[in-house]
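Participant: Quick one: sequence and predicted model below, then my questions.
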Amino acid sequence: MSAMGSDEELGRRPVTFDSVGIIGGGAWGTALAQTMRLAGRETLIWAREPEVVEEINGRQANSLFLPGVTLDQGLRATARLADIAALDVILMVAPAQHVRDVGMALKPQLAGGKPLVLCAKGLEQRSGKLLGEVVSEVLPHARLAVLSGPSFAADVVRGLPAALTLACAEDRLGQQLVDALGYRQFRLYRSSDIIGTQLGGAVKNVLAIAAGIVEGKALGASAHAAVVTRGFAELRRFGEALGARPETLMGLSGLGDLLLTCGSPQSRNMSLGRALGQGDTLGAILGARRSVAEGVATAAAVAKVAAEKSIDMPIAQAVHAIVAGQQTVDAAIEALLSRPFKAEA
């Protein structure tokens, strides 16, 4: 398979990873697969849906999740996890609530010491654990990294510029992954804060539902700014309690992703919140979609952890109460507006 350019032409140092396996044939997995081809890597994508595998291989398209996009001729798809396990680097892009099951299926075929980059965003609903903890439990010999930041699949798959954080506890491996996975339009910034990089991408999905509800209820731009800002304060409190670095939450994978996801109807979580604010039921919204709004399940996990650790997160708790059917949208808004005045800091 021919690459799209030498390392020198792409402006990067030589790399040690030449092939990338993508687990997840949804919009983000497909966008990352396209990006890896643009970065010059041999790329194979695993999809659960047979029709996605067939269409990628036969027509260079994924109309189910990314309609209207022509994929690179060199991109191939498979239904066998063993094919993915044989490649140099694995990107885990399965939906957050399926990471454990997919990891268990991958485990018998995965060699020890293989780099695995977690690209899913969320917390495991039933345990409240970070997805990195889940991966470490089921794949203890994988070398973990995390990729997260402000990026819509529709932008990235078209080669539009984006910047994300790649976190890895091993400095040398982190640099090798940046060199292998990044290219001119897909800029990666290294970090060693795996916890903080995960938390920004997880909690912002919950807060985006709140921002969407504000838009759906036509509460105005001032209310939207208030929800995003106070939501960020909740994210910082949550991150502090779980060991995230403040500077990580102020960066691309924290504040950057929060601003993008809360500010555009392209966000699946914001658009879900907007529909809730307009009076649609959660069941009807989810029933009309193929893609996953991770904030729905993550809201329960965030609420669970916040309650256990006594973290004040009224906006996230309100989102959980709404999506769990414990409170109406109007009642949740009234409860938030009725809270006593307090100091900002």
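Facilitator: Structure's in. What do you need?
Participant: can we go C-alpha only for contacts and neighbour counts from here?
Facilitator: Noted.
Participant: For residue 170, give me its contacts.
Facilitator: Neighbouring residues of residue 170 by CA atoms under 8 Å, 6 or more residues apart in numbering: residue 192.
Participant: I misspoke; the intended subject was residue 66.
Facilitator: Residues near residue 66 by CA under 8 Å, 6+ apart: 26-27, 30, 154.
Participant: Helices of the stretch 201-345 of the chain, residue ranges please.
Facilitator: For the stretch 201-345 of the chain, applying DSSP state H, counting those that start in this stretch gives helices covering 221-242, 246-249, 257-262, 268-277, 282-287, 295-309, 314-323, 329-337.
Participant: Which elements pack onto the fourth one?
Facilitator: In this case it means helix 268-277. Contacts defined by 3 or more CA pairs under 8 Å, 6 or more residues apart in numbering; DSSP states H and E place helix 268-277 against helix 194-216, helix 257-262, helix 282-287.
Participant: winner for burial among the ones you listed?
Facilitator: Comparing the helices and strands packed on helix 268-277 by mean neighbour count (mean count of other CA atoms under 10 Å), helix 194-216 ranks first with a mean of 29.
Participant: Report the angle between that helix and helix 295-309.
Facilitator: Calculated by axes from the mean of the first three to the mean of the last three CA atoms, to 10 degrees, helix 194-216 forms an angle of 120 degrees with helix 295-309.
Participant: Could the C-alpha coordinates of the helix or strand bottoming out on mean pLDDT in the chain be exported in CSV?
Facilitator: Within the chain, confidence by mean pLDDT, DSSP states H and E is lowest for helix 282-287 among all helices and strands, at a mean of 93. Extracted C-alpha coordinates of helix 282-287, given in CSV (Å, rounded to 0.1, in the frame of the first residue of the first chain):
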residue,chain,number,x,y,z
LEU,A,282,-35.4,11.1,25.1
GLY,A,283,-36.8,7.8,23.6
ALA,A,284,-38.0,9.5,20.5
ILE,A,285,-34.7,11.4,20.0
LEU,A,286,-32.5,8.3,20.5
GLY,A,287,-34.8,6.1,18.4
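Participant: if we can go back for a sec, now the contacts of residue 66 in CSV, please, with extra columns for neighbour count, pLDDT and secondary structure.
Facilitator: Formatted as CSV, the contacts of residue 66 follow (neighbours: other CA atoms under 10 Å; pLDDT from 0 to 100; DSSP: H, G, I helix; E, B strand; the rest coil):
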residue, neighbour count, pLDDT, secondary structure
26, 24, 96, coil
27, 22, 96, helix
30, 30, 98, helix
154, 19, 95, helix
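Participant: what's the helix or strand for the residue nearest the centre of the chain?
Facilitator: For the chain, residue 121 is the residue whose C-alpha lies nearest the centre (CA atoms, centre = their mean; 3.3 Å). For residue 121, there is no enclosing helix or strand under DSSP states H and E.
Participant: can you tell me which residues contact it?
Facilitator: Contact analysis of residue 121 by CA under 8 Å, 6+ apart lists 95-96, 131, 148, 198, 201-202, 294.
Participant: likewise residue 220?
Facilitator: Counting by CA under 8 Å, 6+ apart, residue 220 makes contact with residue 214.
Participant: Can you report phi and psi for it?
Facilitator: Dihedral pair for residue 220: phi 100, psi 160, per degrees, to the nearest 10.
Participant: how close does it sit to residue 212?
Facilitator: 11 Å (CA to CA, to the nearest Å).
Participant: same deal with residue 165?
Facilitator: Using CA to CA, residue 165 is found at 25 Å from residue 212.
Participant: and if you look at residue 284?
Facilitator: With CA to CA as the criterion, residue 284 and residue 212 are 16 Å apart.
Participant: what does residue 241 give?
Facilitator: Remark: distance between residue 241 and residue 212 (CA to CA) = 27 Å.
Participant: Which pLDDT value belongs to residue 13?
Facilitator: Listed pLDDT for residue 13 reads 50.
Participant: actually residue 342, not the one I typed
Facilitator: Looking at residue 342, its pLDDT reads 89.
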